Every structure is written in C-alpha cells, then in structure tokens.
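K.L.:
quick one: sequence and predicted model below, then my questions.
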Amino acid sequence: MPVVVAVVVTFNPDHDVTELLRVLDQQCDRVLVVDNGSSAAVLSRIEDAAASTGAELLALGGNRGIAAAQNVGIARARELGASHVLLSDHDSLPAPGMVKRLLRGFDSTGRVAAVGPLPQEERAGADQLVYVRRRWKPGRATPAELDTDLLDVAFLIASGCLVSMAALDAVGAMDESLFIDHVDLEWGLRAHRAGYRLLVAPAAGLHHSLGDDVVMLPGRSQPVHVHGPARNYYLARNTIALVRRRALMPWRWRVRYVYWLAKYTAFNGLLPDRAKERRRMLRQGIRDGLRGRSGPLIPRA
C-alpha cells in the first residue's frame with residue numbers, strides 16, 4: 001500500500017493554515033509542516049494549527065528557500081517510510097479525493113515520477129496552471145488537452161504535486177541553489193532527462209493562490225502575474241541559470257526563455273510601483289545570473 005506523507009512549506013502565511021492541515025490529514029498518512037523562518041507571532045499560530053491536527057512541525061529558524069525546505073521535508077518523509085510525498089504551499093487547498101486521484105496516475109504505463117492536480121485560482125483574471133511541452137517552450141494546456149484522464153506535461157508546479165520517492169532517489173533532490181522560482185521547472189527537466197513521465201490528473205482539483213497581482217494586457221488572453229522586486233531578482237537570475245544549463249533545457253526553449261526574459265524585464269522595469277527598486281533588482285538578477293551566482297538574494301548597491 002502507498003504511504004503518502006504531505007510536506008507543507010510555510011513562510012509567514014497571512015491566514016490560518018488549520019483547514020489545510022486538516023484536509024491533508026484526511027487524505028494523507030502523515031502531515032509535515034516545514035516552516036521557513038516565519039515571524040515568532042506567525043510561527044506560534046502555525047504551532048497551534050499543527051498541534052490541533054496532529055501534524056509534525058519542523059521549524060528551520062530562517063528562510064532557507066523553498067527548495068531547501070522541501071528537501072528537509074522529503075528527508076523526514078523518507079524516515080517515516082513514505083512511498084510518495086505530497087508537496088504543498090501554505091496557500092493551497094486540495095479538493096476532496098485529490099490524493100486518491102493522483103495516486104491512480106502512477107498506474108499508467110511507463111515510469112511516472114510525479115502526478116499533479118489541476119491548480120486553479122479563484123479570482124478575476126486567474127487561469128489554470130498546467131504546462132505541456134511545446135516546440136519552443138512549455139505552454140499552457142488548452143481546454144481540449146485538459147479534457148482527459150491524464151495529461152503528459154512539461155513540468156508540475158510544486159504545490160499539490162505527488163512525487164514518487166523512488167523518482168526522488170533517481171532524479172535527485174530539489175536544487176537549493178535556485179532558492180525560489182523555477183525550482184519545479186528544473187526538477188521536471190531532470191525527471192524527463194532521466195526517462196520519467198510527469199502527469200496531470202485534471203479531475204483532481206486544487207485551489208491555489210500565487211500571491212501575486214495579475215493584470216490583463218490588450219490583445220492577450222492570459223493574465224500577466226506581477227511580482228515584487230525580490231521575485232523580479234530571482235526570476236531574472238534563475239532564468240539565466242537554466243538557460244546556461246545546455247544539457248538540461250532544449251535549445252529552442254533556451255532561445256524562447258531569453259526572449260521571455262527580455263519581455264519580462266521591459267514590462268517590470270516600466271511598472272510605476274517601486275519602479276527604482278524593481279529596476280535595481282532586475283539588473284542585479286541579470287548580473288548575478290551571468291556571473292553564476294546562486295543561493296539567497298544578497299542586496300547590493
């Protein structure tokens with residue numbers, strides 16, 4: 001029988017996570033909470049939520065990045081005898097029966113590394129975050145493509161993703177050098193390179209919030225997510241880091257990501273909100289990416 005251990009990464013959630021932990025406790029064998037340096041007041045609320053639901057809390061004492069927090073949780077799940085790890089952000093909520101539907105995906109032919117749900121945001125301008133392999137890039141799945149039991153995808157967003165422990169042993173842990181942003185994409189690329197499939201089960205639902213503002217641009221059907229200056233840094237730096245990994249990313253994707261970064265830099269550099277800080281973070285991200293710097297952001301003048 002599969003043993004599913006949920007790993008929830010928290011970082012200063014602005015809401016009570018008790019409901020999330022309770023839902024996960026109903027669908028998983030064990031629930032772990034890895035706190036990534038929340039403030040004392042917030043951590044106290046997380047401790048209460050964990051105690052009331054029987055979840056195990058691992059407090060890291062500082063922000064070590066999403067990849068490191070996931071790796072800590074995965075290591076503990078391995079100690080608990082997990083066959084599968086369900087990754088979750090603190091701002092997600094699984095629909096009823098989500099984990100059972102995800103587990104069925106591992107019965108598919110071929111080597112399946114991970115199965116994800118259909119993540120949806122419940123706000124104006126939000127869309128479905130499923131990416132399939134296109135010739136020039138990972139592209140959003142169309143409604144027709146999502147009208148299936150299982151869909152092969154380019155990568156899976158981490159929250160709600162059910163990962164086989166055997167695949168983690170073969171593919172390796174999350175890349176902590178990236179800290180945040182593109183961690184799930186990078187692991188997905190490694191999984192494909194190792195001969196694994198990544199699947200989405202559209203019938204498995206997940207409410208998910210990216211925590212960003214979204215804007216709709218004229219002539220564009222999909223919303224544009226607006227990140228804060230620190231995320232501007234990580235997205236710029238880590239995009240360059242992945243583009244430089246020639247053996248990992250197809251060359252057409254590398255070309256398209258360079259084009260995307262140019263558009264991303266221009267768009268965010270012109271936003272009026274914290275404009276000076278945004279431009280500084282974008283410059284530093286591009287500079288650090290070209291120099292091969294990684295890890296947490298160290299602001300520079």
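P.N.:
Structure's in. What do you need? Numbering: from 1, shown residues only.

K.L.:
pull the distance from stretch 143-158 to the chain's centre.
P.N.:
Relative to the chain's own centre, stretch 143-158 is displaced by 16 Å; criterion: CA atoms, centre = their mean, to the nearest Å.

K.L.:
distance between the ends of it?
P.N.:
21 Å (CA to CA, to the nearest Å).

K.L.:
again with stretch 238-248
P.N.:
End residues of stretch 238-248 are separated by 14 Å (CA to CA).

K.L.:
please enumerate residues in contact with it?
P.N.:
Contacts of stretch 238-248 with the rest of the structure, by CB atoms under 8 Å, 6 or more residues apart in numbering, involve 177-179, 181-182, 185-186, 189-190, 193, 249, 254, 257-258, 260-261, 264, 285-286, 289-290, 292, 294. For glycine as for every other residue, the C-beta is placed from the backbone atoms N, C-alpha and C.

K.L.:
can we see that at 10 Å?
P.N.:
175, 177-183, 185-186, 189-190, 192-193, 234, 249, 251, 253-258, 260-261, 264-265, 285-294 (CB atoms under 10 Å, 6 or more residues apart in numbering).

K.L.:
filter those down to the buried ones.
P.N.:
175, 177-183, 185-186, 189-190, 192, 234, 249, 253-254, 256-257, 261, 264-265, 285-286, 288-289 (16 or more other CB atoms under 10 Å).

K.L.:
what about these, which are in helices?
P.N.:
183, 185-186, 189-190, 192, 234, 253-254, 256-257, 261, 264-265, 285-286, 288-289 (DSSP state H).

K.L.:
ok, residue 285 touching residue 298?
P.N.:
No. Contact criterion CB atoms under 10 Å: residue 285 and residue 298 do not qualify, at 11.8 Å.

K.L.:
show me where the stretch 1-150 of the chain has helices.
P.N.:
With DSSP state H, counting those that start in this stretch as the criterion, the stretch 1-150 of the chain has helices at 18-27, 40-53, 66-79, 98-104, 143-146.

K.L.:
tell me how this protein divides into domains.
P.N.:
4-208, 227-291 (automatic domain parsing).

K.L.:
how long is the first one end to end?
P.N.:
Translated: domain 4-208. End to end - CA to CA - domain 4-208 spans 20 Å.

K.L.:
next one: stretch 130-144
P.N.:
13 Å.

K.L.:
buried set for that stretch?
P.N.:
For stretch 130-144, using 16+ other CB under 10 Å, the buried residues are 130, 131, 132, 137, 138, 141.

K.L.:
any idea how far residue 182 is from the nearest residue to the second one once chain neighbours are set aside?
P.N.:
Spatial nearest neighbour of residue 131, excluding adjacent residues (CB to CB, 6 or more residues apart in numbering): residue 138 at 4.0 Å. Applying CB to CB, to the nearest Å, one obtains 11 Å for the distance of residue 138 from residue 182.

K.L.:
may I see the buried residues of stretch 161-168?
P.N.:
Buried-residue list, stretch 161-168, by 16+ other CB under 10 Å: 161, 162, 163, 164, 165, 167, 168.

K.L.:
narrow the residues you listed to those in strands?
P.N.:
162, 163, 164 (DSSP state E).

K.L.:
same list (those residues) but as TSV, adding distance to residue 56 and pLDDT.
P.N.:
Formatted as TSV, those follow (distance: CB to CB, whole Å; pLDDT from 0 to 100):
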residue	distance to residue 56	pLDDT
162	19	98
163	19	98
164	21	98
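
K.L.:
my read is that residue 42 contacts residue 36, right?
P.N.:
No. Counting by CB under 10 Å, residue 42 does not reach residue 36; the two are 11.0 Å apart.

K.L.:
got the phi/psi numbers for residue 272?
P.N.:
phi -70, psi -30 (degrees, to the nearest 10).

K.L.:
so how many other residues sit close to it?
P.N.:
6 (other CB atoms under 10 Å).

K.L.:
repeat that for the one 4 residues further on.
P.N.:
Burial of residue 276 is recorded as 8 neighbouring residues (other CB under 10 Å).

K.L.:
check which helix or strand covers it.
P.N.:
Assigned by DSSP states H and E, residue 276 falls within helix 275-291.

K.L.:
chain center to that helix: distance?
P.N.:
Worked out by CA atoms, centre = their mean, helix 275-291 lies 22 Å from the chain centre.

K.L.:
which residues are in contact with that helix?
P.N.:
181, 226-244, 261, 264-266, 268-272, 274, 293-295, 297-301.

K.L.:
which of these are buried? Put it as a ChimeraX command.
P.N.:
In ChimeraX, a selection of the buried entries from these looks like this (16+ other CB under 10 Å):
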select :181,226,227,228,229,230,231,232,233,234,235,236,237,238,239,240,241,242,243,261,264,265,268,297
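
K.L.:
understood, closing this out.
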